[in-house]
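Student: what shape does this take:
(one chain, ligands or ions: 1)
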Amino acid sequence: MASCDPVALLEQAFRAGIAAATGTDAASVDPQVKASADPKHGDFQCNAALALAKAAKANPSELARRILAATPLSGLAERTDIAGPGFINVWLSQGALGHLLAGMDAPELGIDPAPLPHAVVIDLCGVNVAKQMHVGHLRATVIGDVMARLHERLGRKVWRENHLGDWGLPIAMTLASLRRQKRDFARLTLDDLNTAYRAAQAEGKSDEAGQAAAIACGAGPHRLAEFDAQNGPALAAERDAKATLLKLQSGDPATVADWQRLIDVTMAEVFATTRTLGVKLGPEHSRGESFYRERLGPVIEAFVSKGLAREDQGAIVVHYADRDRPMLIRKADGGFLYATTDLAAVRFRVQELDGGRVIYVVDARQRDHFKDVFDGVRLIGWDALRDGTRAELSHMQFGTVLGKDKRPLRTRSGENFTLKALLDEAIERGIQQVFRRAAETDAPTHGLRETDLRAIGAAVGIGAVKYADLSGDPVKDYVFDLDRMIAFEGDTGPYIQYAHARIASLIARSGESAAAIAAATYAPIEPAERHLALCLLRFPAVVLAAAEHQAPQRVCAALHELANAYASFYQACPVLKAADSGTRLSRLRLSSLTQRVLAGGLDLLGIAAPDRM
Ligand code: ARG
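Tutor: Okay, here's the model as predicted:
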């Protein structure tokens, strides 16, 4: 871990001490160092003596004393004591804190590269062609982007894979219906596509239901022909869709061109939204379902030839011993399924993209699907990397966005909110908020041009929505409450942005040059300064943990804690009016590092950090 991480340094010291005191091998020792919850018990504690004493039937506080005596803490600790039954408490020295802060004070902010032997593949966004993005895609896009940023920050090769729903019967239905209506494909909007998609879906459903009912009640051929006549348009639509799908699959140029148009119209809006969101996702990250079309037949062949799938009433299915639910991989009519494409995609991602970790940022409601797919992949061995090691496949599940009524977020007429409508509202609210502040004569934004204020407002609105989406445990549902999200107080994005902007204007007001501040000596003496320093030093380890545990909320929590620590520091320790110039510069440097860590953390979350608010 980073050279400026006090936990890592203490672990190293205590490992040596424990090895010397107990005669064991240092590498096998767990030093159990953690930050103390209460400053009365020091900055950090080593809790290893208890477990070791228990195993050796020795006296824990006696063992703790021996460990402490053998641990090289000089230069690191200014005070130690042994509390309770054998906890070792450590207070870092001011010199050590200053030294660690100086080590962190570089563009990398103490985050050491943590390369992996293989790439990380992140399945994110996952929108569907001809459908508006709704709030569920917010989560798949925003959380996926942050996971990608975290791994990139650690120096890992990352593939962002937008598994676009651009293939299969639903798309063919939409395409066929638009062509029947003789629509001008050059002028279509996403709304048009969405309407056509819905209409085509509804048509298909009534048709299937009607036919199924007719068959179920034992209707003979004559009755079915009659049904056919009554439902002529619907059946014709279905035949038309199937014919269109065939043309698409065989590469008929005119059909492919129209299909490409549907994709372009959809993606233009998706990219407009990802730009608004500040998410790194472009055309180079889209590898849709259609990409795998030639790889689906081979999936079936492989499963069948290995005896892992078998025929069941004309369909091909994989049965698992531990669940009743079979995984359907080919329909009786020869059509492939969502699972077939995902099997082909895992195979590609592991074997061709060299994905040692494949992370699916997808709605928790798809958990059965991914369990089945991953188990199928392991059965057939497609999780084997070229070097023979196994890839880690994980479904990073996220919960549902709820309305204030605790039901999935819908408009009053019961429709899904489009993501665009939601973001437009958030931006509008952010702009109002920023204008309100700028009206105060002592606000740093007072007198700024309207375009600048609007840009800051947009950053606040989007920051609010993203932070709210990221700050909880991803798997939990959350209530979309714009009033709460956008407040400048509380555990919100704007609170952190505001903390950052306040420090930026404090430093500007100090009149000190960046060089003078960078040359200052860190001297964290007061309790609030020490507390702030310890918060700062935690940041690199938090970034690593957030990536490894797939927990972006840890970055949010660390930034919130840091903003709070800075507020307490600012209350307790005068900066511009410090007693002497050394203290003033030390505090300015602490402020500057805090500002950069807040900005760096917000950047990992894909949230803008304006200098004035
Ligand atoms: N398009 C899918 C949906 O809207 C999400 C795709 C998720 N990724 C995947 N590889 N299945 O439900």
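Student: quick one, strands of this structure?
Tutor: Remark: strands of the chain, listed N- to C-terminal, are 33-35, 44-46, 77-83, 87-92, 119-124, 158-162, 310-312, 315-318, 327-330, 355-363, 392-398, 401-402, 478-479; assignment by DSSP state E.
Student: taking the stretch 251-400 of the chain, what residue is nearest to the ligand?
Tutor: Shortest the stretch 251-400 of the chain-to-the ligand distance, computed as Cβ to the nearest ligand atom: residue-wise this is Val362, at 4.5 Å. Where C-beta positions appear, they are placed from N, C-alpha and C, glycine not excepted.
Student: who in the stretch 251-400 of the chain is up against the ligand?
Tutor: Proximity of the stretch 251-400 of the chain to the ligand is assessed by Cβ under 6 Å from any ligand atom, with Asp342, Ala345, Tyr360, Val362 identified as the residues in range.
Student: those residues: which two are farthest apart?
Tutor: For those, the farthest-apart pair by Cβ to Cβ is Ala345 and Val362; their separation is 12.1 Å.
Student: my read: Pro60 touches Asn47, true?
Tutor: No: with contact taken as Cβ atoms under 8 Å, Pro60 and Asn47 are classed as non-touching, separated by 10.0 Å.
Student: okay, those two: which has more neighbours?
Tutor: A side-by-side neighbour count of Pro60 and Asn47, using other Cβ atoms under 10 Å, places Pro60 first with 20 against 17.
Student: what is the burial count for the nearest residue to the more buried one once chain neighbours are set aside?
Tutor: Sequence neighbours aside, Gly86 is the residue nearest to Pro60 in space, at 3.3 Å (criterion: Cβ to Cβ, 6 or more residues apart in numbering). A count of nearby residues for Gly86, using other Cβ under 10 Å, gives 24.
Student: surely Gly86 meets Arg66?
Tutor: No: the pair Gly86 and Arg66 fails to qualify as a contact (Cβ under 8 Å) at a distance of 10.6 Å.
Student: shared neighbours, Ala345 and Val362?
Tutor: By Cβ atoms under 8 Å, 6 or more residues apart in numbering, Ala345 and Val362 have these common neighbours: Asp123.
Student: ok, now which ones touch the residue positioned nearest the centre of the chain?
Tutor: When the chain is reduced to its mean C-alpha position, the closest residue under Cα atoms, centre = their mean turns out to be Ile143, at 2.4 Å. Shown here is Ile143, whose contacts under the criterion Cβ under 8 Å, 6+ apart are Leu124, Val361, Met396, Phe398, Asp469, Leu470, Pro474, Pro552.
Student: now the residue lying closest to Ala499 once chain neighbours are set aside: how far from Glu440?
Tutor: Leaving aside its chain neighbours, Ala499 sits nearest to Ala563 (3.8 Å; criterion: Cβ to Cβ, 6+ apart). Relative to Glu440, Ala563 is positioned 21 Å away (Cβ to Cβ, to the nearest Å).
Student: more neighbours: which of these two?
Tutor: When neighbours are counted by other Cβ under 10 Å, Ala563 comes out ahead of the other of Ala563 and Glu440, with 22 against 10.
Student: pretty sure the more buried one contacts Ala501?
Tutor: No: with contact defined as Cβ under 8 Å, Ala563 does not count as touching Ala501 (11.2 Å).
Student: quick one on the thing from earlier: quick one: the residue nearest to Pro60 from Ala21, how far?
Tutor: In this view, Gly86 and Ala21 are 12 Å apart by Cβ to Cβ.
Student: joint contacts of those two?
Tutor: The contact sets of Gly86 and Ala21 overlap at Leu63 (Cβ under 8 Å, 6+ apart).
Student: where does the prediction get shaky in the stretch 401-550 of the chain?
Tutor: Within the stretch 401-550 of the chain, the stretches with pLDDT under 70 are 411-414.
Student: picking that back up, and the residues of the stretch 251-400 of the chain next to the ligand as a markdown table, adding neighbour count and pLDDT?
Tutor: Shown next, in a markdown table, are these (neighbours: other Cβ atoms under 10 Å; pLDDT from 0 to 100):
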| residue | neighbour count | pLDDT |
| --- | --- | --- |
| Asp342 | 25 | 98 |
| Ala345 | 25 | 98 |
| Tyr360 | 27 | 98 |
| Val362 | 24 | 98 |
